[in-house]
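J.: sequence unknown, structure follows:
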C-alpha cells in the first residue's frame, strides 16, 4: 500500500537547513527547523530514494553495462564513455551530507530524548548504516567521525576500511536491540504513516539490517567467515522488499529516472539496450520485455557496450512512472545467501538460495506466467568450483537488477569481476587508458572549501574491497 505524506512541498522536503561552505548548500527558509520525527523520517527516505532512483540508477545502468547511449542523441555519452570529472557527482555527495545524515542524527536525538521511541531509533540507525554503505561504496572515505559524530565545517574523513568497521558495528548494535521493546514502542509511537519503506514493520527493519550486514561482511569474506556462518544459521533476512513505492504517474511525482529521462528531456529515445544482457538471459525470458521496450520486430535487441544504439534497430530501456526505488530486495537477500554458501563450499544450500533468488526476482516484477517459465528450469545451477558457483550466482544477480538496484550490480562487478568482461559482457574502457569505473570522484565543492577533503581519485582507482 502506498503511504503518501505532505511536508510543505517536494522542494522543501529535498532541501536542508545546513549552511556548510564545504558542501556549498544554502539555508532553506522553508525548512522546519525543529520538525517532528514523523516528518523527518519520510524526508530522509525520500531524499535517499531520489538519489538512488536517479543518479545511482542512471550511472549504475550504464556502468553495469545494461544500456548504451542512443545514436541520435548525446545526453549520456560522457556517462557511457566514463568521461567524468569531480563536478559530475556533486548532487549525491551534497544530499547525503547536507540533508540525509543531519536528519538521521536529529531523529536519533529526538527518539533518545523521548525514551519510548526505540522504533524510530531502529529505522534511523538502519538508514544511517545504509547511507554510510552507499557513501563508502561510491567515494571510499567518509566524513563520519567528523561531520556526523562531531560537527565540523572542515572535517577529516575516515578511511573506507574504517567505515566498513563502523557499518558492521552499527549493524551489530541494531541487531542487539530488544525487538520486543521496539515492537511495543511502535504500538505507542506509530511510524505506519511516516515510514515510506516498511510502513512501521519493525521485524522487516531488522531483516533489512541483517541483509545489509551480510552484504557488508561479504566484502571481506575470509576475515568475516565466522560472523557470516552465524548469520546464515539465524536465517532472518528480508522476506519482503525494502521499497519506496510512493510515486504517481504525474509530473514531479513519478519515479526519479522516469521523471528526468521521459518527462524532462527533449527526447524519449534514450536509453538504448546493451546487447550484453542477451549473453546472460535466454531470449525467451519474459523479464526481457519488462526490462526493454520499443523492440524492433517485437524482439529485444541491443548494441555492445561503448557503441551508441540506433533507435530504429535497438530496444529502449523501459522506464515506469510508478516503479519503486528499491533499497534492498528479497532476491538480493537470497543471492547474497547463495554467494555466502558457495564461498563456504556448501553447494546444496547455495543451489537452494540461488533458485529462491530467481523465483523472487520474477515475483518482484510481477512477471506473467513466471512460475510456468521457472518450471522449465531455464537457468539450472551448474555447481562446480567455488569460483564457478559464484560466477553463476553473480551473473544472474546482475541480470535481475536491470530493473532493481543497478548500482548494486556495478558494485558487484567491481567486487567480484562478474560478469566477466571479454567473456560475458563487453570489454570496453571508454576514455580510460586502463581499468574501468569503480568509484565516484570526490566532490569538487568539498575539495574547494575543505582543506581536509580527500584527494579526488580517478574513477578507475580501485578501493580496498574491489577486485
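T.: Cool, got the structure. What you see is a predicted model; the values in this text were computed from it and never measured.

J.: strands of the stretch 51-200 of the chain, start to end?
T.: Ranges of strands in the stretch 51-200 of the chain, per DSSP state E, counting those that start in this stretch, are 67-68.

J.: spell out the residue ranges of the helices in it.
T.: In the stretch 51-200 of the chain, the helices defined using DSSP state H, counting those that start in this stretch lie at 57-63, 77-80, 90-95, 101-114, 118-139, 160-175, 179-188.

J.: distance of residue 236 relative to residue 68?
T.: Distance of residue 236 to residue 68, computed by Cβ to Cβ, to the nearest Å: 40 Å. C-beta here means a position set from N, CA and C on the backbone, and glycine is covered the same way.

J.: re the thing from before, export the helices of the stretch 51-200 of the chain to CSV and tack on mean neighbour count?
T.: Formatted as CSV, these follow (neighbours: other Cβ atoms under 10 Å):
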stretch, mean neighbour count
helix 57-63, 23
helix 77-80, 18
helix 90-95, 20
helix 101-114, 19
helix 118-139, 24
helix 160-175, 19
helix 179-188, 15
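
J.: and of the ones you listed, who's closest to residue 436?
T.: helix 57-63 (7.8 Å; Cβ to Cβ).

J.: could you find the closest non-adjacent residue to residue 424?
T.: residue 279 (5.3 Å; Cβ to Cβ, 6 or more residues apart in numbering).

J.: not counting stretch 327-334 itself, show me its contacts.
T.: For stretch 327-334, the external contacting residues (Cβ atoms under 8 Å, 6 or more residues apart in numbering) are 48-49, 52, 130, 197, 207-208, 211-212, 214-215, 237-244, 353-354, 356-358, 360-361, 363-364, 397, 400, 404-405, 408.

J.: quick one: mean pLDDT for it?
T.: Mean pLDDT, stretch 327-334: 99.

J.: for the remainder of this discussion, apply numbering that starts at 4.
T.: From this message on, residue numbering opens at 4, which makes the last subject stretch 330-337.

J.: how about the helices of the stretch 54-203 of the chain in JSON lines, adding distance to residue 43 and mean pLDDT?
T.: Compiled in JSON lines, the helices of the stretch 54-203 of the chain are given as follows (distance: least, Cβ to Cβ, whole Å; pLDDT from 0 to 100):
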{"stretch": "helix 60-66", "distance to residue 43": "25", "mean pLDDT": "98"}
{"stretch": "helix 80-83", "distance to residue 43": "33", "mean pLDDT": "98"}
{"stretch": "helix 93-98", "distance to residue 43": "15", "mean pLDDT": "95"}
{"stretch": "helix 104-117", "distance to residue 43": "5", "mean pLDDT": "97"}
{"stretch": "helix 121-142", "distance to residue 43": "8", "mean pLDDT": "98"}
{"stretch": "helix 163-178", "distance to residue 43": "18", "mean pLDDT": "98"}
{"stretch": "helix 182-191", "distance to residue 43": "17", "mean pLDDT": "97"}
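
J.: and the ones you listed: which comes nearest residue 227?
T.: helix 163-178 (7.9 Å).

J.: report the buried residues of stretch 391-411.
T.: 392-411 (16 or more other Cβ atoms under 10 Å).

J.: stretch 418-426: end-to-end distance?
T.: End-to-end distance for stretch 418-426, by Cα to Cα, to the nearest Å: 17 Å.

J.: now swap in stretch 93-108 and tell me
T.: Terminal residues of stretch 93-108 lie 22 Å apart, using Cα to Cα.

J.: tell me which residue lies farthest from the centre of the protein.
T.: residue 300 (33.3 Å; Cα atoms, centre = their mean).

J.: what's next to the host helix or strand of residue 42, contact-wise?
T.: For residue 42, the enclosing helix or strand under DSSP states H and E is helix 40-54. With contacts defined as Cβ under 8 Å, 6+ apart, helix 40-54 is touched by 8, 10, 16-17, 35, 38, 94-95, 98-99, 102-103, 106-107, 109-110, 113-114, 117, 120, 123, 126-127, 130, 133-134, 137, 192, 194, 196-200, 247, 249, 259, 328, 330.

J.: that helix - what's its average pLDDT?
T.: Summarised as a single mean, pLDDT over helix 40-54 is 97.

J.: now that helix against helix 104-117, angle please.
T.: If you take axes from the mean of the first three to the mean of the last three Cα atoms, to 10 degrees, helix 40-54 sits at 160 degrees to helix 104-117.

J.: report the buried residues of helix 40-54.
T.: Applying a neighbour-count criterion of 16+ other Cβ under 10 Å, one finds 40-54 buried in helix 40-54.
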